[in-house]
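*Asks:* What follows is a predicted structure for the sequence shown.
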Amino acid sequence: MVDNGIFRSGFPNSTNFSFLQSLSLRSIIYLCPEPYPEANTDFLMANGIQLYQFGIDGAKEPFVNIPEDTIREALKVVIDARNHPLLIHCKRGKHRTGCLVGCLRKLQRWCLTSVFDEYQRFAAAKARISDQRFMELFDTSSFKHLPMPFSCSKR
């Protein structure tokens with residue numbers, strides 16, 4: 001659980017479906033460019049879950065290019081309570097998911113030390129300096145209309 005109504009994970013498979021049902025998800029944010037597997041798509045359709053796909057390439061350093069506009073669009077989905085409860089995932093739930101959650105934390109006015117601590121807890125030995133640099137430099141000014149500190153847990 002990231003916040004009330006917001007969850008994160010690695011790529012779910014059929015063994016995870018019963019747990020996902022227990023979350024009563026309305027939406028899934030999928031951060032990979034690859035097509036969503038048919039079994040997962042069938043699960044979403046059967047459970048009335050909306051899929052939002054933001055295809056961010058999973059390239060490794062030093063050639064990482066995290067598209068800020070894509071993260072910004074995904075954040076709009078995350079902060080819209082009409083999409084909750086929602087699950088954010090990529091392949092392993094570390095880098096792309098970590099960047100999106102880190103940018104959400106900036107919107108919530110977390111200090112960078114706490115943002116990086118959370119990112120490193122999930123990324124562990126695979127933490128990327130480029131991801132942390134991206135989160136540090138991410139411009140939240142286009143989200144200034146949000147009541148601060150923004151939190152989904154105020155519901």
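*Replies:* Okay, I see it.

*Asks:* And the helices in this structure?
*Replies:* In the chain, the segments counted as helices under DSSP state H are 17-22, 38-46, 68-79, 95-107, 112-123, 129-137.

*Asks:* ok, and which of these has the densest surroundings?
*Replies:* helix 95-107 (a mean of 24; mean count of other CB atoms under 10 Å). (Glycine included, C-beta is placed from N, CA and C.)

*Asks:* re earlier: of the helices of the chain, which approaches residue 11 most closely?
*Replies:* For the helices of the chain, the distance to residue 11 is smallest for helix 38-46, at 8.5 Å, taking CB to CB.

*Asks:* distance of the residue of the chain positioned farthest from its centre from residue 25?
*Replies:* Distance to the chain centre peaks in the chain at residue 46, reaching 22.8 Å (criterion: CA atoms, centre = their mean). Separation of residue 46 from residue 25 (CB to CB, to the nearest Å): 12 Å.

*Asks:* low-confidence ranges in this protein?
*Replies:* 58-64, 126, 145-155 (pLDDT under 70).

*Asks:* Let me have the helices of the chain in CSV, extended by distance to residue 11.
*Replies:* As requested, the helices of the chain are exported to CSV (distance: least, CB to CB, whole Å):
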stretch, distance to residue 11
helix 17-22, 12
helix 38-46, 9
helix 68-79, 16
helix 95-107, 10
helix 112-123, 14
helix 129-137, 18
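
*Asks:* Pairing-wise in the sheet, spell out the partners of the closest residue to residue 1 other than its chain neighbours.
*Replies:* Nearest non-adjacent residue to residue 1, counting by CB to CB, 6 or more residues apart in numbering: residue 7, 5.6 Å away. With beta bridges defined as DSSP bridges, residue 7 has these partners: residue 87.

*Asks:* Give me the number of neighbouring residues for residue 7.
*Replies:* Neighbourhood size, residue 7 [other CB atoms under 10 Å]: 17.

*Asks:* quick one, what contacts it?
*Replies:* Residue 7 makes contact with 1, 23, 25, 85, 86, 87, 88, according to CB atoms under 8 Å, 6 or more residues apart in numbering.
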